[in-house]
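K.L.:
what's the 3D shape of this:
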Amino acid sequence: MKAIVSSSAVGGLTAAYPPGSLVLTDQFIDRTHGRPDTFFDQGSVQHLAAADPFDPELHRVARAALTVAGEDFLPTGTAVVIQGPRFSTRAESLWHQAQGWSIVGMTGHPEASLARELELCYTSLTLVTDLDAGAETGEGVSHDEVLRVFAANVDRLRGVLFDAVAALPANGERDCLCVNALGGMNPGFELP
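P.N.:
Predicted coordinates:
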C-alpha cells in the first residue's frame, strides 16, 4: 500500500484535547502562506477532491492500532495549520477555539494535499503537547513545555505508528479515493 502515516506535535484548543492526548486528525484549515502546495503549478492544472483530505481507510487502520495498543485517543480532530515557526498569540488561539477547531499546529498542510496529488493515502496521528496560548488556562505555551510533553509521550506515539504501518495491507491493494485522485488525468510529470 502506498501510504503515509504522519505524526506531529500540536496544541489543544480546548480542555477536550489536553496535553498528552493522541488525536486522529480528519480535517484541516489552512492558515499558511507562501508554502508550495501543489505539483500542478506549471502547465496542466488539476482540481482534486479535498472534502476529506485524510484517507478514511488509513484512518481506520490507525484507529485499530490505537485500540489494540489500549490507547485512550480522540478519533477526530480539525487541525488549524498555522505558518509558524512562532506559536499563536492569545487572540489567535481564542479565535481558533471560537471557530470550533480542535487542535493547532504547523504541519499537515500542504502534506495531505500533496499526498493526494501523488495518489498516496495519507493520515495523521497527532500528539497534543500543550493548550495553545493558554486557551483554557490563561498561560502561554513555551518551547520547553512542548519538548517536555513530547519526550514523555514519544514512545507511545512511536509504538502506535509502527503498529499502524505493520497493519497496512501487504499486497498493496487499495480501493479508495486516493488511488484514483487524478481520475486518469495525465499529471504532466512522472508520479513516483
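
K.L.:
going along the chain, name the strands of the chain.
P.N.:
Shown for the chain, the strands assigned by DSSP state E span residues 3-12, 22-25, 27-31, 73-74, 78-82, 103-105, 121-131.

K.L.:
give me the below-cutoff pLDDT ranges for the chain.
P.N.:
Within the chain, the segments meeting pLDDT under 70 span 1, 134-138, 171-174, 184-192.

K.L.:
which parts of it are helices?
P.N.:
56-68, 90-98, 111-117, 143-166 (DSSP state H).

K.L.:
next, format these as CSV and append distance to L13 and mean neighbour count.
P.N.:
Just so you know, the C-beta spots here come from the backbone N, C-alpha and C atoms, and that holds for glycine as well. Shown next, in CSV, are the helices of the chain (distance: least, Cβ to Cβ, whole Å; neighbours: other Cβ atoms under 10 Å):
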stretch, distance to L13, mean neighbour count
helix 56-68, 21, 19
helix 90-98, 4, 17
helix 111-117, 19, 21
helix 143-166, 15, 15
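
K.L.:
to C178, which of those helices lies closest?
P.N.:
Closest of the helices of the chain to C178 is helix 111-117, at 6.3 Å (criterion: Cβ to Cβ).

K.L.:
list the helices and strands that closest one packs on?
P.N.:
With contacts defined as 3 or more Cβ pairs under 8 Å, 6 or more residues apart in numbering; DSSP states H and E, helix 111-117 has these neighbours: strand 3-12, strand 121-131.

K.L.:
what is the distance between the last one and the centre of its chain?
P.N.:
On the basis of Cα atoms, centre = their mean, to the nearest Å, strand 121-131 sits 5 Å off its chain's mean C-alpha point.

K.L.:
repeat for the shortest one
P.N.:
Using Cα atoms, centre = their mean, the mean C-alpha position of strand 3-12 is found 5 Å from that of the whole chain.

K.L.:
can you add distance to T38 and give the helices of the chain back as JSON lines?
P.N.:
As requested, those are arranged in JSON lines below (distance: least, Cβ to Cβ, whole Å):
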{"stretch": "helix 56-68", "distance to T38": "21"}
{"stretch": "helix 90-98", "distance to T38": "25"}
{"stretch": "helix 111-117", "distance to T38": "7"}
{"stretch": "helix 143-166", "distance to T38": "27"}
